[in-house]
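# model the following, please.
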Amino acid sequence: MKETRHVIIASITSVIFLAVLLFPVNAQNGQQPQAIRMAMTKTLVTDLPEVLIDIALDEFKGVMKKTTGLPGEVTAKFSPGESAEKLQNKELDFALLFAHEYAWAQKKYPGLRPFLIAATKKKDKRAHIIVHKDGVAKTFADLRGKKLDLPLGSKEYCRIYLDKLSADKNPKGPADFFGSIVKSPSQLDALDEVARGKADATVIDTPWLDFYKDVKGAVFAKNLRVLQQSAVVPPAVIVYTPGALEAATVNQVRDGLLKAHTDARGRALMALWHIDAFEAVPEDFAESLAEVLKAYPPPISPR
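You can find the predicted model right below:
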C-alpha cells in the first residue's frame, strides 16, 4: 500500500506543479492578468479517487494565488479527444497529453501543435508484458483465458499496448481475451503476484520494472521474465493552438517551463512524476508521432 500512496501523492503534486508553472505573470500597466486555461487529460489520473483530484485542484488555487497572484483554471476531467476539441475551439489554451493521444488528435485537428515535451533521462520507456519464468506462455496468444493483473496506477501507454495486443487476438479487447482481470494496488505488487504464481501476467512500464529489478533483483531473476515489450514510447507533450494567445504570453509560459528544472522545488516535484525537465520539441518529433500511430492505434476500451 505504500507504493499506492506514493503514486497518489506523485499524481496530485504533479497536477498542482504543472498548473502553477503554466500561469505567467502578464499583468502590466495595471491591466487585468489573463487567466490561462489548461487541461490534463484524464488518462493522466486514471484510478485516482475523484475526491483526491478535487482536493488537488482546490489546493492549486491557493498555491497559484500565493506564487503568481494570477487567476487560472486547470482540469483533469476531459478525455484526450475532448481536450483536443477544446483546444481547437479556443476553449483551452494548453493541454498535457500522452504522445499517442496527441498523434490521434492531430489527425482530426491538424492545427494543434506541440509546445514542449516532458523529457526524462530515460529515453527507452516501454510497456512490458511480464509472466512467470516457468509459465507455459511463449507468445501473447498463449495468455488467452488466463488471469491478468492490471495494477492501479498503470501508465496509459501500458493500457494502450495491452489493448493493441488483445485486439489482435480478440476484437472485444482485454476484457474478453483474458479469463479474469484483477488490480493490485501497485505495479510492484502486481509483479509479486506473478512471481508467486497468483496471476499469469501483468503489464509494467520501464521505470517501475527497473526499480523492481533494483530492489528485488533476485526475485525477478528466479521467477519472472519479459514475454513481450512495446516500441519506445515518446515523451508526453504539452499541446496548444498557435495564435490563440498573444505571442508575449506564449513566450512567457515557455520561458517559465524551460527553467522549471533549475528551481529546487520544481525539480523535486517533477521527479515525483518521472519528469526531469520540460524541453523544446525535438526536430524528429513528427517522425516519432508517425511511428507511434503504428504502434498505438486508437484504443478499443473506453477511456
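
# just the strands in the stretch 101-250 of the chain please.
113-119, 127-132, 147-149, 180-182, 201-205, 224-229, 237-240 (DSSP state E, counting those that start in this stretch).

# and of these, who's closest to Ala295?
Minimum separation from Ala295 across these (Cβ to Cβ) falls at strand 127-132, 9.9 Å. For glycine as for every other residue, the C-beta is placed from the backbone atoms N, C-alpha and C.

# neighbouring contacts of the closest one?
If you take Cβ atoms under 8 Å, 6 or more residues apart in numbering as the criterion, strand 127-132 is touched by 137, 140, 143, 155, 157-158, 160-162, 165, 191, 194-195, 197, 200-206, 209, 223-230, 233.

# now that strand and strand 201-205, what's the angle there?
Here the directions of strand 127-132 and strand 201-205 differ by 140 degrees (axes from the mean of the first three to the mean of the last three Cα atoms, to 10 degrees).

# partners of strand 127-132 in the sheet?
When pairing is defined by DSSP bridges, strand 127-132 lines up against strand 201-205 (antiparallel), strand 224-229 (antiparallel).

# grab the CA positions of that strand and hand them over as CSV.
Coordinates of the C-alpha atoms in strand 127-132 are reproduced here as CSV (Å, rounded to 0.1, in the frame of the first residue of the first chain):
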residue,chain,number,x,y,z
ALA,A,127,5.4,-1.3,-21.8
HIS,A,128,6.4,-4.8,-20.8
ILE,A,129,4.3,-7.9,-20.6
ILE,A,130,5.6,-9.9,-17.7
VAL,A,131,4.9,-13.6,-17.0
HIS,A,132,6.3,-16.3,-14.6
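
# quick one: mean pLDDT over it.
Averaging pLDDT along strand 127-132 yields 97.

# quick revisit: for the strands paired with strand 127-132, which one ends up most surrounded?
strand 201-205 (a mean of 26; mean count of other Cβ atoms under 10 Å).

# on that earlier part again, would JSON lines of the strands paired with strand 127-132 with distance to Tyr109 and mean pLDDT be doable?
Conversion of those to JSON lines gives the following (distance: least, Cβ to Cβ, whole Å; pLDDT from 0 to 100):
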{"stretch": "strand 201-205", "distance to Tyr109": "28", "mean pLDDT": "96"}
{"stretch": "strand 224-229", "distance to Tyr109": "31", "mean pLDDT": "96"}
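
# closest to Ala260 out of those?
Closest to Ala260 of the strands paired with strand 127-132 is strand 201-205 (Cβ to Cβ; 22.9 Å).

# what about the closest one, distance to the chain center?
A distance of 16 Å separates the centroid of the chain from that of strand 201-205, by Cα atoms, centre = their mean, to the nearest Å.

# circling back: Serialize the strands paired with strand 127-132 to a markdown table and add fields for distance to Ala76.
What follows is the strands paired with strand 127-132, written out as a markdown table (distance: least, Cβ to Cβ, whole Å):
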| stretch | distance to Ala76 |
| --- | --- |
| strand 201-205 | 20 |
| strand 224-229 | 29 |
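
# what segments of the stretch 201-303 of the chain are helices?
Chain-ordered helices for the stretch 201-303 of the chain, with DSSP state H, counting those that start in this stretch as the definition, fall at 206-215, 217-223, 247-258, 264-272, 285-295.

# could I get those helices as a markdown table with mean pLDDT and distance to Leu97?
Supplementary listing: these in a markdown table, determined by pLDDT from 0 to 100; distance: least, Cβ to Cβ, whole Å:
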| stretch | mean pLDDT | distance to Leu97 |
| --- | --- | --- |
| helix 206-215 | 95 | 19 |
| helix 217-223 | 96 | 32 |
| helix 247-258 | 79 | 15 |
| helix 264-272 | 61 | 17 |
| helix 285-295 | 84 | 11 |
